[in-house]
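J.: My questions concern the predicted model and sequence given below.
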Amino acid sequence: MVIFRQAVFSDYEQIAALHAKSWQENYKLDFSANFLENKVVQDRLFAWKERLQNPIENQYILLAEKENVLMGFGCAFFDEHTKYGTLLDNLHVSHDAKRLGIGKSIIQMIARQSLVYKNQSGLYLWVLENNKSAFEFYKYLQGKHVETVVGNDIGDKEVRKCRIVWNSISELL
């Protein structure tokens, strides 16, 4: 049985490991081999330690576990954008747990919490253009692709990021 719970500081290493592995599996076209092989683990450890040690007020991190093994996680920032609402900044599910409904459950639970936080009406995320399986997953969940931008805020190269939007939380629930 999968259990969902909020993250605590001691979870940062597990979250970082899953995040790094997900990038290694899905971002080969976007980041350099050197970054993925030699730097991504430290990069994600630093990021998740910081996020969980010094959380900002609107941050919400949800974990999915089965028998104390991290299967997936989502990190959102409520009320992040005046037009689009809550930012789903991270959603990663382990390769072995894909197609079990974990990603959809995490998004839906975060959407519900967004309503509780500030009665937010919308949710959005950024997905890398080359991550075709994630792009198709969000399309399946009725997310709308509204723009593509070039950025260099993650990894070690410029990437093309697509903004996916749900104008209404009810679209996800």
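T.: Alright, I've got the coordinates.
J.: need the strands for this structure, in chain order.
T.: Remark: strands assigned in the chain by DSSP state E are 2-6, 59-66, 69-81, 85-93, 123-128, 144-151, 159-166.
J.: May I have the fourth one as PDB, with CA atoms only?
T.: Read that as strand 85-93. Extracted C-alpha coordinates of strand 85-93, given in PDB (Å, rounded to 0.1, in the frame of the first residue of the first chain):
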ATOM      1  CA  GLY A  85      -1.500  30.200  -9.100                       C
ATOM      2  CA  THR A  86       0.400  27.300  -7.500                       C
ATOM      3  CA  LEU A  87       3.700  26.200  -9.000                       C
ATOM      4  CA  LEU A  88       4.300  22.400  -9.100                       C
ATOM      5  CA  ASP A  89       8.000  22.800  -9.100                       C
ATOM      6  CA  ASN A  90       8.900  19.100  -9.000                       C
ATOM      7  CA  LEU A  91       7.100  15.800  -9.700                       C
ATOM      8  CA  HIS A  92       9.200  12.700  -9.900                       C
ATOM      9  CA  VAL A  93       8.200   9.100  -9.600                       C
END
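J.: Can you pull out the low-pLDDT segments for this protein?
T.: Low-confidence segments of the chain (pLDDT under 70): 119-120.
J.: one more time with 50, if that's ok
T.: For the chain, not a single residue meets the criterion pLDDT under 50.
J.: Could you tell me which helix of it is the longest one?
T.: Longest helix of the chain, by residue count under DSSP state H: helix 102-118.
J.: That one - contacts with which helices or strands?
T.: strand 2-6, strand 59-66, strand 69-81, strand 85-93, strand 123-128 (3 or more CB pairs under 8 Å, 6 or more residues apart in numbering; DSSP states H and E). C-beta: built from backbone N, CA, C; applies to glycine.
J.: Can you tell me which residue is spatially central in this protein?
T.: The centroid of the chain falls nearest to N90 when counting by CA atoms, centre = their mean (1.5 Å).
J.: quick one: it and G74 touch, right?
T.: Yes. The pair N90 and G74 passes the contact test of CB atoms under 8 Å, sitting 6.3 Å apart.
J.: and I154, what are its phi and psi?
T.: When read as degrees, to the nearest 10, the backbone of I154 gives phi -130, psi 160.
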